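> return a 3D structure for these sequence lines:
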Amino acid sequence: MPELPEVETVRRGLAANIVGEKFKKIEVRHERATSKNSLARIESLSGAKVLEVNRRGKFLWLTFNRPEVLVAHLGMSGQFLIQPKSAADEKHLRARFVMKRNELRFIDQRTFGWLSVETLSDGVPSSAAHIALDPFDEEFDLTRAVNRFSARKTQVKKALLDQEVISGVGNIYADESLWRARIHPETRIEKLKSAKIQELIQCASEVMTEAISQGGTSFDDLYINVNGESGYFERSLAVYGQEGEPCPRCGTAIKRISFSNRSSHFCPKCQPTPRKSGK
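All right, here's what the predicted structure looks like:
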């Protein structure tokens, strides 16, 4: 699933290519491309001029010269591509936005991504109103984030993945952040001091900043930027997807465990298993 670095890479690509453009025609080709919570048909935005491309966590939205916005969530495999009008349709093309010279295309193989027409409240669309600020938001408050983290009574990785605590972090960058902070994914929040939680959040910000600089992480062609290019941060991953490979810090073989219907990757030496209560 695209996480914050991948979505931010897409946002930057869209901003560079479609701001100032007008959607002359919109064609929705799959009913699941439109969220059931959309206030109107996506086609109702025909004629709108794009003013900005915004993001919070994993949510994107386009603002126009009208009150409505177009919100997008990429889900598991959603992609935006800028294509010439003459380009053949992609197999999983779900929506087409025709501009003066090119087309903006929304492609989604697994159909978990969606588009939605919404309005803004305090500058944020309703579908993203429930999530917390991400570390790249100018209003992000580290102290408040630490306090939200500390209030959770759960394992640290579950809190890191909770979009109502900090938005934008998914499985890849959770594993990388925990490795950098030397914290086992199953460690209970109650066992961590505020200073350690702050360090973890800062590690998450650092690893995502590095990923953005490399265009995000691409394991397959389900994540590409708007020009069809892959990200290169996969080459810099320390633990995620590296089971059996040596830890870049100590050389110990990376281990993978099942965690909440997904996998967690960590270094057994750098991130020792937390002791159980009473032992």
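> residues of the helix or strand hosting A72 that come out buried?
Using DSSP states H and E, A72 falls within strand 66-73. Neighbour counts over strand 66-73 (16 or more other C-beta atoms under 10 Å) mark E68, V69, L70, V71, A72, H73 as buried. All C-beta atoms are positioned from the backbone trio N, CA, C, and that covers glycine.
> which SS state does the spatially closest residue to the first one that is not a sequence neighbour fall under?
In space, and not counting its chain neighbours, E68 is closest to V117: 5.3 Å by C-beta to C-beta, 6 or more residues apart in numbering. Remark: V117 carries the secondary structure label strand [criterion: DSSP: H, G, I helix; E, B strand; the rest coil].
> just to revisit the earlier point, nearest to T9, of the buried residues of strand 66-73?
A72 (13.9 Å; C-beta to C-beta).
> what residues are up against that closest one?
The neighbours of A72, taking C-beta atoms under 8 Å, 6 or more residues apart in numbering as the test, are F59, L60, W61, L62, G78, F80, F106, G113, W114, L115, S116.
> neighbour-wise, give me the winner out of the residues you listed.
Neighbour counts for these, by other C-beta atoms under 10 Å, peak at G78, which reaches 28 neighbours.
> isn't it up against A95?
No: in this structure, G78 is not within contact of A95 by C-beta atoms under 8 Å, at 10.3 Å.
> what do the two both touch?
F106.
> if we can go back for a sec, what pairs with the residue nearest to E68 across the strands?
On the basis of DSSP bridges, V117 is bridged to L70.
> contacts only, for it.
S38, L39, A40, R41, I42, S44, L45, E68, V69, L70, V71.
> and for R11?
R11 neighbours (C-beta under 8 Å, 6+ apart): V53, N54, R55, L60.
> the third one looks like it's in a helix, true?
To tie it back to what came earlier, the one meant is R55. No: read with three-state DSSP, R55 is strand and lies in no helix.
> S121: neighbouring residues, count only.
Around S121 there are 9 residues (other C-beta under 10 Å).
> any weak-confidence spans in the stretch 151-279 of the chain?
Low-confidence segments of the stretch 151-279 of the chain (pLDDT under 70): 218-223, 232, 277-279.
> in it, which spans are helices?
Secondary structure of the stretch 151-279 of the chain (DSSP state H, counting those that start in this stretch): helices at 156-161, 171-181, 194-213.
> ok, the stretch 1-150 of the chain next?
In the stretch 1-150 of the chain, the helices defined using DSSP H, counting those that start in this stretch lie at 4-18, 142-151.
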